[in-house]
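Got a sequence here, can you model it:
(chains A, B and C)
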Amino acid sequence: MNKPKYTIAVTGLNNTDNPGPGVPVIRALRSAKSFDVRIIGLVYENLEPGIYMENVADKVYQIPYPSVGSEALLNRIEYINSIENIDFLIPNFDAELFTFITSQAKLESLNIKSFLPTKLQFEEREKEKLVEFGEKYNIKVPKSKSLTSVNDISKLRDDFDYPVLVKGKFYDAYIAYNSEQVIGHFNKISSKWGLPVIIQEFIKGTEVNVIALGDGRGNTIAAVPMRKQYITDKGKAWGGITLGDETMLDITCKLIKNTKWRGGMELELIKNNEGDYYLIEINPRIPAWVYLAVEAGQNIPEALIKLANDEDVPPFTKYDIGKMFVRYSYDLIADISQFEKLSITGEL
Amino acid sequence: MKLKKNIAISETGFVFDPNSGDSYSLNSIGKEILELVKLGKSKSDISFHILNKYDADEFTFERNYDDFIDMLKHHKILENE
Amino acid sequence: MTKLRYERPIISKINAGVPDKFGMKTSVETLNQIDTVPVKDILEQYGSPVFVVSEPTIRKTYEEATSAFTSRYPKVQFAWSYKTNYIDAVCRAFHKLGSWAEVVSGFEYQKALNNGVSGNEIIFNGPDKSDEDLKLAIENLSLIHIDHFDELYTILKLAETTDKRPKVAIRVNMNTGIYPQWDRFGFNYENGEAWQALNRLMYSEKVDVVGLHTHIGTYITTPNAYSVAISKLAELATSLKKKFNHAIQYIDIGGGFASKNTLKGAYLPGKDTCPTFDAYADAITGALMSANFAPNELPTLIIESGRALIDDAGYLLGTVLANKRLADGRRSTILDIGVNNLFTSFWYEHEVLPVETTTQQTEDTTLYGPLCMNIDVVRAAVQFPLLQKGDKVAIRRVGAYNMTQWMQFITFRPNVIMIDEEHNTHIIRKAETNATFEAQEVIPEYLKS
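Numbering: from 1, shown residues only, chains lettered A, B, ... in the order given. Sure thing, here's the model as predicted:
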């Protein structure tokens, strides 16, 4: 039987020391058994490493930042679609998800399929609403507070013991041991990601994550737990290992069942010394370490494309425990002519 | 006033300064003018050429030209002789 | 030979990492007409700068908002928030559509009366109501929304001096999950102050407690906060019913709906994140329907939205005065529109559009106003087309708070015109002149001659 060939547009080719999931998602799609792919890389910046890597994107287009507005972004995608005839789109940045979620109708009218969380799902798991989310779905969460002004910082002493975590709406998390450090992080984060800035109780323990895929009807199609073995100063995993932790799988399946989660997700949990799990964040997309799950037996991007294509996807039932990933960096050699072409024409 | 040596201007309006590693982009009139500067044309030659070809008045162009040249100096693409 | 279209020569540095606008094939948006009236003609006829209010847009927005609510809830009343824009013609446009008036000062109260609003359709809010204001409001059977205990006792005292029973409501502040919590206005819900105030009013037997009011904040982008507010007000209403067998006539949810303007510090633009009227209506009416009101005692829902109803209808048109390079090489453009007229530029990243397409090229630009004052910045950094001196610009979504908060500093406030349903233009507020100021100033005798 002939395998179909899909044109799939993927964002997040920033495989830097704070990597976006685009390159590993593409790697997973290229190893899919049920279809072949032509990959269109969509990039915001002209030095995203995925642009220059071999066998990643077949063609690359620059797209305008979501902060410019959905209209500009969609016009650009419409233009790209008119040349490439995109079948599927997998957005990988938190900051662009809102725009793509609210533009589903437009994407559908262009015959571009995606498989994203609903607006409600996306919004109720936002960092500043974590406390309400925990109450609603009966999951332990650390105490959190949203700050909209530097003046609120002096009042933190009433509710929090230092250290605390200072987090941006979309990205960035820093640990602060006193109010001066909170002010420093607040200014840095708010200038980059806007308000509010979130203050979170620091829970001591081991950071563990689950990558999962929900079918939007309450079923967990895929779920692989992982422990970060080595964490960079930016809090990113540099190495990790798949776990056989039934509690984590339970938490994930319950959450997906109750929220009817649609699409990829990453649960960030802290397991404290008493063995309790605290949910610290839900990333509403596939995380950058997705390829570990693929090699452990669950090709989540492939399953996601099939869900987007309205196919019946049976849940994965097993994965290899003890699979590891170790990230490495590598100096790719490029030529200024590639940089020129992308910078001037927006295409490569 | 002359173009710093080694400055490469490509067909697309991309400028690469190998001395600093910086790169720039020009709009098409900017490219046209920079190429004329590279050939050593004077301000009045360039003005004559542009005003013949494009629909612009002399004062506007003079203001814009001076500003453009200032930016080239600012980016250290032009140097004083 | 016809000459080619000229465009300023530019060179921009390509910053590694930061995407360049070149080659992106995004076109520069222009705004060359408002309700089919050419912007150039308006500027020619009424001078530059000039505010324009579109009556068709007011109507369209109002209809959108009212139908979002009336399709979900049987008893809905809008009240025009005067402080948002109290130019009489604008107020009358709203009254014509069926809006009551919502005022927060004696000045606004008089304006509402002069605009023909009957006393019992004026809602009187705010912390500053003089005894004279209150007397007049009581006589006119206006709806007085009490802000603090001092005002409450003043009303009880005034009630003894008249045969009219004051119609009152209390303003309630509460935690709805919105930061910052506006606790400076009204009586607090959580600490029991609101309930205490209601008791004091009910036991007095001198006033009619007709409603409950809240206003949870401004530029609220999470409609759910309104559900929380409605539930808490409904709690109070239920308690009144239980204890005093008293049914209130209305719940006033205030305003605070966002507009499509982008707040400074926001990552995504306002036109992408601003909730629709349907989203607000869903949250508000949903909470009302699930509250414990008997079907024959459903309170009227009053909405005091200002910004969301008028922002889109307002435009500010102006002219480029000059272009200039800053010391660090950045480009700046000076407009004849400054923070004196565009007060909202202190908190919005306003969209400034060219009136005509002269170029598709843009450059990182700072837009300054004309004032001789360092804080006069319309946009600190914006990708702006390469306009020349004399080119015209249009700023969108300026209908709210500018024509009331504008400042008179070193120059005059400009003409404000309205475009009517037939697309005719009318001056609705004349530009100030030196005579305007001479009329107000008094020179002591000894300084004359």
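
Which of the three states applies to B:L51?
helix (DSSP: H, G, I helix; E, B strand; the rest coil).

show me what contacts it?
B:58, B:61 (CB atoms under 8 Å, 6 or more residues apart in numbering or on different chains). For glycine as for every other residue, the C-beta is placed from the backbone atoms N, C-alpha and C.

again, only this time at 6 Å
Contacts for B:L51 (CB atoms under 6 Å, 6 or more residues apart in numbering or on different chains) come out as none.

Break down the stretch 101-250 of chain C into its helices, ranges please.
Counting by DSSP state H, counting those that start in this stretch, the stretch 101-250 of chain C has helices at residues C:106-114, C:131-139, C:149-159, C:193-204, C:224-244.

Report the angle between the first one and helix C:131-139.
With axes from the mean of the first three to the mean of the last three CA atoms, to 10 degrees as the basis, helix C:106-114 and helix C:131-139 are set at 30 degrees to each other.

now the fourth one
Here the directions of helix C:193-204 and helix C:131-139 differ by 60 degrees (the same axes, to 10 degrees).

Could you list every helix and strand that helix C:193-204 packs against?
Helix C:193-204 sits against strand C:187-188, with contacts defined as 3 or more CB pairs under 6 Å, 6 or more residues apart in numbering or on different chains; DSSP states H and E.

one more time with 10 Å
helix C:149-159, strand C:167-173, strand C:187-188, strand C:208-214, helix C:224-244 (3 or more CB pairs under 10 Å, 6 or more residues apart in numbering or on different chains; DSSP states H and E).

can you pull the buried residues of it?
Applying a neighbour-count criterion of 16 or more other CB atoms under 10 Å in any protein chain shown, one finds C:193-195, C:197-198, C:201 buried in helix C:193-204.

Now do the contacts for C:Q110.
C:Q110 makes contacts with C:103, C:133, C:136, as judged by CB atoms under 10 Å, 6 or more residues apart in numbering or on different chains.

Near chain A, which residues of chain B are found?
Counting by CB under 10 Å from any CB of the partner chain, the positions of chain B adjacent to chain A are B:8, B:10-16, B:18, B:21, B:23-26.

shaky segments in the stretch 301-449 of chain C?
The stretch 301-449 of chain C contains residues with pLDDT under 70 at C:358-360.

If you check it against chain B, which residue is the closest one?
C:G329 (4.3 Å; CB to the nearest CB).

wait, that residue sits on B:M71?
Yes. Counting by CB atoms under 10 Å, B:M71 is a contact partner of C:G329 at 6.3 Å.

picking up where we left off before, using JSON lines, please lay out the helices of the stretch 101-250 of chain C together with mean pLDDT and distance to C:E29.
Formatted as JSON lines, the helices of the stretch 101-250 of chain C follow (pLDDT from 0 to 100; distance: least, CB to CB, whole Å):
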{"stretch": "helix C:106-114", "mean pLDDT": "97", "distance to C:E29": "36"}
{"stretch": "helix C:131-139", "mean pLDDT": "96", "distance to C:E29": "46"}
{"stretch": "helix C:149-159", "mean pLDDT": "96", "distance to C:E29": "48"}
{"stretch": "helix C:193-204", "mean pLDDT": "96", "distance to C:E29": "47"}
{"stretch": "helix C:224-244", "mean pLDDT": "96", "distance to C:E29": "33"}
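
With distance to C:E64 added, can I get the ones you listed in JSON lines?
Listed next are the helices of the stretch 101-250 of chain C as JSON lines, based on distance: least, CB to CB, whole Å:
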{"stretch": "helix C:106-114", "distance to C:E64": "24"}
{"stretch": "helix C:131-139", "distance to C:E64": "32"}
{"stretch": "helix C:149-159", "distance to C:E64": "35"}
{"stretch": "helix C:193-204", "distance to C:E64": "33"}
{"stretch": "helix C:224-244", "distance to C:E64": "17"}
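
Where do the domain boundaries of chain A fall?
Taking automatic domain parsing as the criterion, chain A consists of the domains A:5-114+A:331-345, A:143-201, A:204-326.

where's the residue nearest to the spatial centre of chain B relative to chain A, distance?
In chain B, the residue lying closest to the centroid (CA atoms, centre = their mean) is B:L34, at 2.8 Å. From B:L34 across to chain A, the span is 15 Å (CB to the nearest CB, to the nearest Å).

The helix or strand hosting that residue: which residues count as buried?
B:L34 is part of helix B:28-38 when elements are defined by DSSP states H and E. In terms of neighbour count (16+ other CB under 10 Å), helix B:28-38 has its buried residues at B:29-34, B:36-37.

any idea which of these is the one closest to C:S231?
Lowest distance from C:S231 to these (CB to CB) belongs to B:G30, with 61.1 Å.

wouldn't that closest one be in contact with B:D67 here?
No. Using CB under 10 Å as the test, B:G30 is too far from B:D67 to be in contact (11.1 Å).

Spell out which residues are contacts of both of the two.
C:8-10.

Intersect the residues you listed with the contacts of chain B.
Okay, of those touching chain B (CB under 10 Å from any CB), that's C:8-10.

Within its local environment, how many residues does B:H74 see?
Number of residues near B:H74 (other CB atoms under 10 Å in any protein chain shown) recorded here: 16.

What of B:G21?
Close neighbours of B:G21, defined as other CB under 10 Å, add up to 9.

go on, A:I241?
Residues near A:I241, counting by other CB under 10 Å: 17.

Identify the residue nearest it in space, chain neighbours excluded?
With CB to CB, 6 or more residues apart in numbering or on different chains as the criterion, A:I241 has its nearest non-adjacent residue at 4.8 Å, and that residue is A:M324.

ok, now which ones touch the one you found?
A:M324 neighbours (CB under 10 Å, 6+ apart): A:226, A:229, A:239-242, A:292, A:295-296.

ok but C:L316 is inside a strand, no?
Yes. Judged by three-state DSSP, C:L316 forms part of a strand.

Just grab the bridge partners of it for me.
Under the criterion DSSP bridges, C:L316 forms beta bridges with C:F51, C:I395.

What residues does it make contact with?
C:L316 makes contact with C:49-52, C:335, C:337, C:341-342, C:344-345, C:350, C:352, C:378, C:393-399, C:402-403, C:414, C:416, according to CB under 10 Å, 6+ apart.

rerun that using 8 Å as the cut-off
Here C:L316 is in contact with C:49-52, C:337, C:341-342, C:394-395, C:398, C:402 (CB under 8 Å, 6+ apart).

Distance check, it against C:L386.
Going from C:L316 to C:L386 by CB to CB, to the nearest Å gives 21 Å.

Next: A:P117.
Applying CB to CB to A:P117 and C:L386 gives a distance of 42 Å.

Mind jotting down where the helices sit in chain B?
Applying DSSP state H to chain B gives helices spanning B:28-38, B:43-53, B:58-74.

Tell me which of those helices sits nearest to A:Y162.
A:Y162 sits nearest to helix B:58-74 of all the helices of chain B, at 46.3 Å, using CB to CB.

Run the angle between that closest one and helix B:28-38 for me.
70 degrees.

tell me the domain boundaries of chain C?
C:33-52+C:313-438, C:55-311.

burial count for residue 5?
You didn't pick a chain, so chain A it is. Neighbours around A:K5, by other CB under 10 Å: 10.

hm, I was asking about chain B
8.

quick one, phi psi at it?
phi -70, psi 160 (degrees, to the nearest 10).

Distance check, it against chain A.
Using CB to the nearest CB, we find B:K5 at a distance of 18 Å from chain A.

still on that earlier bit, buried ones among the residues of chain B next to chain A?
By 16+ other CB under 10 Å, the residues of chain B next to chain A give B:10, B:12-16, B:23-26 as buried.

How many residues are close by the residue in chain A that chain C sits nearest to?
Chain C sits closest to A:G346 of chain A, with a gap of 3.6 Å, by CB to the nearest CB. The local packing of A:G346 (other CB under 10 Å) involves 25 other residues.

cool, and C:E160?
For C:E160, the neighbour count with other CB under 10 Å is 7.

Ok, A:D312 next?
Residues near A:D312, counting by other CB under 10 Å, number 7.

What pLDDT is listed against it?
For A:D312, the pLDDT comes out at 92.

how close does it sit to C:S332?
60 Å.

right, and C:E351 touches C:A394 too?
No. Between C:E351 and C:A394 there is no contact under CB atoms under 8 Å: 9.0 Å.
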